[in-house]
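Got a predicted model here, sequence first, then my questions.
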Amino acid sequence: MGSWKGGVNHPGTHEYTRTHQLPRSSLQCPWWTGDLQALACQLMRPQFLCLLLPALSCQISPAAAQRNPTGTKALLEQGQGPEWVALGARDFLNVNCYTDTWHWKDGHAFCTGKPTGVIRYREPLTNFEFVCEWMHKQKGGNSGVFVWASPQSLRNCAQGRARLPHGIEVQVLDIGYREVYEKQFKKPGDWFTSHGDVFTVGPVKMNPFPPVGPRGKRSFPSRKTTKGIDQWNHYHIRAVNGEVRLSVNGVEVSGGDGISPARGFLCLESEGASIEFRNLRLRKLPPVVTELEDSAEIPVPTIDGPRATAGPTVSLKGHPILGTWKYLDGYTREFLPAGLCILRHNDEVIWKRRCTSRTAHGLTLEGGLQHILDGKVLRIEGRYTATRVAKQAPTITE
């Protein structure tokens, strides 16, 4: 494909007659003169076609219209036609979500949004098209579809060393997210939109299609077509030969080319808020089978989420784990003397949990979340390694 232009190119009159052969019988007719050729050329101009096509469409039978009411392009957007297959629970594998983060019913996926993580398509892909409908259930909800996620980054996620993979993220963001972001972080949310941003995560190369976000890495949408919470939105993602193009609700809005690497896994993201997906359909394009240089196994862990535990809160007064510990990219756990732990991502509080038991160098939170102090590091749930956040000296003002 050529570069993104944001419009449609119409062939000129002479170009049309040069590239389209007229019927041989017409050329042999004695009345086929230069004047008639000129008339035919004039009728091929876009301004005449826009008048002729509605009239011609009146001749289509009701039965034919019912078979294809919106045309071939609409069928493609819906993922209908040869080689398209419906996706469901059997097609996705867990990477780093809880067992109850995702559940499926008749091809309809329900995601709690907790914890932040992904599920992946069962095999790698090179060239493909993917369509789905999604609906946020909470104002300011965040999610995404990852294209060409790298196997090593997925292993890091599965082994607790990261929350999200490297690849191309197609943003799935509620239109109320900017308001929530600016209220929480007290700074402008001008570096993202809620209408289909496409951007890189990790060491991935991409030339974003214009308009480009202020940080130079995001392809901003050319039109705003996203609907709000409790309304279904439609995505059509085309990933071919190192190029990704996104259509939102039938309108192509964003993308990028020159992407490297351009092979990997298709993923659905859980990120803090409940969301639903339905009508997920995939069409593999050649090569149908993708062979990756990195063919090492990606673990498929079973991770039970935290559950409320009855019983009194155990005090942490005097315990060596007291304080704040950091891990991954912006996550912290703060342990308070009253027996409470607060999990945050940057400034956002994810959850608060009580301590239910303690030892000399360890403790357990609600849901059986174990924390073990190992020298100067904290082992969290057997999956993460955290380091202590140094206490800041109080600011002295004169």
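Everything's here; your move.

Settle this for me: Gly258 is touching Lys205, isn't it.
Yes: taking contacts as C-beta atoms under 8 Å, Gly258 lies within contact range of Lys205: 6.4 Å. Every residue, glycine included, has its C-beta placed from N, CA and C.

what about Leu340, how many neighbours?
Leu340: 15 surrounding residues under other C-beta atoms under 10 Å.

Tell me which residues touch it, please.
Leu340 sits next to 313, 352-355 when contact means C-beta atoms under 8 Å, 6 or more residues apart in numbering.

So the residue nearest to the spatial centre of the chain: helix, strand or coil?
Taking C-alpha atoms, centre = their mean, the centroid of the chain lies closest to Val145, which sits 2.0 Å from it. Per DSSP: H, G, I helix; E, B strand; the rest coil, the secondary structure class of Val145 is strand.

what bridges to it?
Judged by DSSP bridges, the bridge partners of Val145 are Val170, Leu268.

Find me the pLDDT at it, would you?
In this prediction, Val145 carries a pLDDT score of 98.

Val170 is in contact with that one, correct?
Yes: using C-beta under 8 Å, Val145 is in contact with Val170, at 4.5 Å.

Find the residues that touch each one of those two.
With C-beta under 8 Å, 6+ apart, Val145 and Val170 have common neighbours 235, 237.

Any stretches of the stretch 251-398 of the chain with poor pLDDT?
Within the stretch 251-398 of the chain, the segments meeting pLDDT under 70 span 307-310, 392-398.

who's Arg344 bridged to?
Beta-bridge partners, per DSSP bridges, of Arg344: Thr332, Val349.

what about it, distance to Ile275?
In this view, Arg344 and Ile275 are 22 Å apart by C-beta to C-beta, to the nearest Å.

Looking at the two, which is more packed in?
Ranked by neighbour count (other C-beta under 10 Å), Arg344 and Ile275 place Ile275 first, with 26 against 17.

ranges for the helices of this protein?
Counting by DSSP state H, residue ranges of the helices within the chain are 13-19, 24-28, 34-43, 46-57, 62-67, 71-77, 151-158, 177-185.

as a whole number, average confidence for the third one?
The average pLDDT for helix 34-43 rounds to 46.

again, but for stretch 180-189
Mean predicted lDDT for stretch 180-189 stands at 92.

ok so, going back, could you tell me which residues make contact with the residue nearest to the centre of the chain?
Neighbouring residues of Val145 by C-beta under 8 Å, 6+ apart: 130, 132, 169-170, 172, 235, 237, 266-269.

Kindly report the same for Ile275.
Contacts of Ile275 (C-beta under 8 Å, 6+ apart): 111, 113, 134-137, 141, 143, 172.
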